[in-house]
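>>> Structure of the sequence below:
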Amino acid sequence: MKKLSFINKIIYFINAVFAILLLLSFLLPFTPPKTFSVLSVLSLGVAFLILCNALFFLYWLIKLKKQFILSLVVLFIGYVFFGSLYKFSSSKHIEDPNNFRVMNYNVRLFNLYNWISGDSIENNIVDFIKTESPEILSIQEYHPHENVDLSFFKYKFEKLSGKKTKYGQAIFSQHPIINSGSIEFPDTGNNAIFSDIVKGEDTIRIYNIHLESMRIDANVESLKKEDSERLFNRVGATFKMQQFQTELFLMHKKQCNYKMIICGDFNNTAFSYVYRKIKGNLNDAFKEAGNGFGRTYEFKFFPVRIDFILTDKAFAVNGFKAYNEHYSDHYPIMTTLSLQKD
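Sure thing, here's the model as predicted:
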């Protein structure tokens, strides 16, 4: 430190703060939000903290200063425990005659209130889904829009709430649905639904989860105007609700003996407590076959992945794609699966 200039000492101090915050964030998947709700807010910024530490590492490396070791060690610890934020490998795609595709998409009420400027956004969403032709479609923030026709799916289950505007979750399928239901979350319009789908000789349980929203504006300028203490308290309270909702879901899931696929908008990242609990020993389709950041939510300056498709070990993950179609504040994701032979 003595050999550093005054400016570099300040930079290294900031580097140390970001490194400590990133280290703390590695504890979050193991820390119930009900215990440390304020600390859990850090999970939203893990991607940002990783990118910042990567930049600090490059800065010191270019200057040939040993201070690069700090961020290098922290990033290495994160990689060992959680894997890479960015997947450098190319997307995996394996052809299999038993392949079928599952899509997850938060459609934001099919742009009912014109959040996105442009004509017929709802029709663009339908055309996109029809073109990509998933066999199973899981939708959050679904609304029975008068211009939306998804009748090219043979079967569906939807669970709606709301007085004036009906909204909720829906599952569409090209294969017969023999049983469906909802896991009600108290004091919210969010919930989890499920459908048991018969594909060939197998019955597959599809879950569609929509955990409590943080109601954070994706516009960074709007966030700057909001009182930081109030924001932290609100997000902390939301994370407590997400933990309770996750506990309700896991109790329901425990009673299911079918092969399982879990889709949903968790409103939280892969570094969160709720993600770790829901994932359990399941496969994350993005980690198995995706590439890049796997961004699923529109947030300025850095990528956010809060929508997931998880599968149990009975399925081979033969492909994954995160799309860039901007018809909602979320981006659709789709995985290609096949049932592995016993």
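>>> what's the helix or strand for Gln169?
Gln169 is part of strand 167-173 when elements are defined by DSSP states H and E.
>>> What strands line up against that strand, and which way round?
Strand pairing for strand 167-173, determined by DSSP bridges: strand 136-142 (antiparallel), strand 155-161 (antiparallel).
>>> Phe76 is in what secondary structure piece?
helix 68-82.
>>> on contacts alone, who are the packing partners of that helix?
Here helix 68-82 touches helix 6-25, helix 46-62, going by 3 or more CB pairs under 8 Å, 6 or more residues apart in numbering; DSSP states H and E. For glycine as for every other residue, the C-beta is placed from the backbone atoms N, C-alpha and C.
>>> right, and the ones you listed - which one's nearest Tyr155?
Proximity to Tyr155 (CB to CB) singles out helix 46-62 among the helices and strands packed on helix 68-82, at 36.9 Å.
>>> Counting neighbours, what do you get for Ser89?
The tally of other residues near Ser89 (other CB atoms under 10 Å) stands at 10.
>>> is it true that Gln340 touches Phe315?
Yes. Between Gln340 and Phe315 a contact is recorded at 6.7 Å, counting by CB atoms under 8 Å.
>>> between the two, which one's more packed in?
Phe315 (23 against 12).
>>> List the contacts of that one.
Phe315 makes contact with Lys259, Ile261, Asn283, Leu337, Ser338, Leu339, Gln340 under the criterion CB atoms under 8 Å, 6 or more residues apart in numbering.
>>> how about JSON lines for the residues you listed, with distance to Asn190 and pLDDT added?
Formatted as JSON lines, the contacts of Phe315 follow (distance: CB to CB, whole Å; pLDDT from 0 to 100):
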{"residue": "Lys259", "distance to Asn190": "26", "pLDDT": "96"}
{"residue": "Ile261", "distance to Asn190": "20", "pLDDT": "98"}
{"residue": "Asn283", "distance to Asn190": "25", "pLDDT": "97"}
{"residue": "Leu337", "distance to Asn190": "26", "pLDDT": "97"}
{"residue": "Ser338", "distance to Asn190": "31", "pLDDT": "96"}
{"residue": "Leu339", "distance to Asn190": "30", "pLDDT": "93"}
{"residue": "Gln340", "distance to Asn190": "33", "pLDDT": "84"}
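>>> between the residues you listed, which has the most around it?
Highest neighbour count within the contacts of Phe315, by other CB under 10 Å: Leu337, with 28 neighbours.
>>> which residue sits closest to that one, ignoring its sequence neighbours?
Excluding its sequence neighbours, the residue lying closest to Leu337 (CB to CB, 6 or more residues apart in numbering) is Phe315, at 4.6 Å.
>>> State the number of residues packed around the nearest residue in space to Ala270 that is not next to it in sequence.
For Ala270, ignoring the flanking residues on the chain, the nearest one in space by CB to CB, 6+ apart is Arg305 at 6.1 Å. Neighbourhood size, Arg305 [other CB under 10 Å]: 24.
>>> surely Tyr167 meets Gln140?
No. At 9.5 Å, Tyr167 does not count as touching Gln140 under the criterion of CB under 8 Å.
>>> Comparing those two, which shows the higher neighbour count?
Ranked by neighbour count (other CB under 10 Å), Tyr167 and Gln140 place Gln140 first, with 27 against 19.
>>> what about Phe36, neighbour count?
Neighbours around Phe36, by other CB under 10 Å: 17.
>>> Phi, psi for it please.
Torsion angles at Phe36 (phi, psi; degrees, to the nearest 10) stand at phi -130, psi 70.
>>> And Val102, by the same measure?
Dihedral angles of Val102 (phi, psi; degrees, to the nearest 10) stand at phi -120, psi 130.
>>> any idea how far the closest residue to it other than its chain neighbours is from Phe157?
Leaving aside its sequence neighbours, Val102 sits nearest to Ile136 (CB to CB, 6+ apart; 4.6 Å). Separation of Ile136 from Phe157 (CB to CB, to the nearest Å): 11 Å.
>>> now do Thr296
23 Å.
>>> what's the answer for Phe315, then?
Taking CB to CB, one finds Phe315 at 21 Å from Phe157.
>>> Comparing the helices and strands packed on helix 68-82, which comes out most buried?
Counting by mean count of other CB atoms under 10 Å, helix 46-62 has the highest mean neighbour count of those, with a mean of 19.
>>> got the CA positions of it in CSV?
In CSV, the C-alpha atoms belonging to helix 46-62 read as follows (Å, rounded to 0.1, in the frame of the first residue of the first chain):
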residue,chain,number,x,y,z
VAL,A,46,-24.4,-10.0,-6.9
ALA,A,47,-24.0,-9.7,-10.7
PHE,A,48,-23.0,-6.0,-10.4
LEU,A,49,-20.5,-6.9,-7.6
ILE,A,50,-18.9,-9.6,-9.7
LEU,A,51,-18.5,-7.3,-12.7
CYS,A,52,-17.0,-4.6,-10.5
ASN,A,53,-14.5,-7.0,-8.9
ALA,A,54,-13.6,-8.3,-12.4
LEU,A,55,-12.9,-4.7,-13.4
PHE,A,56,-10.8,-4.1,-10.3
PHE,A,57,-8.8,-7.3,-11.0
LEU,A,58,-8.1,-6.1,-14.6
TYR,A,59,-7.2,-2.6,-13.4
TRP,A,60,-4.5,-3.9,-11.0
LEU,A,61,-3.3,-6.6,-13.4
ILE,A,62,-2.7,-4.0,-16.2
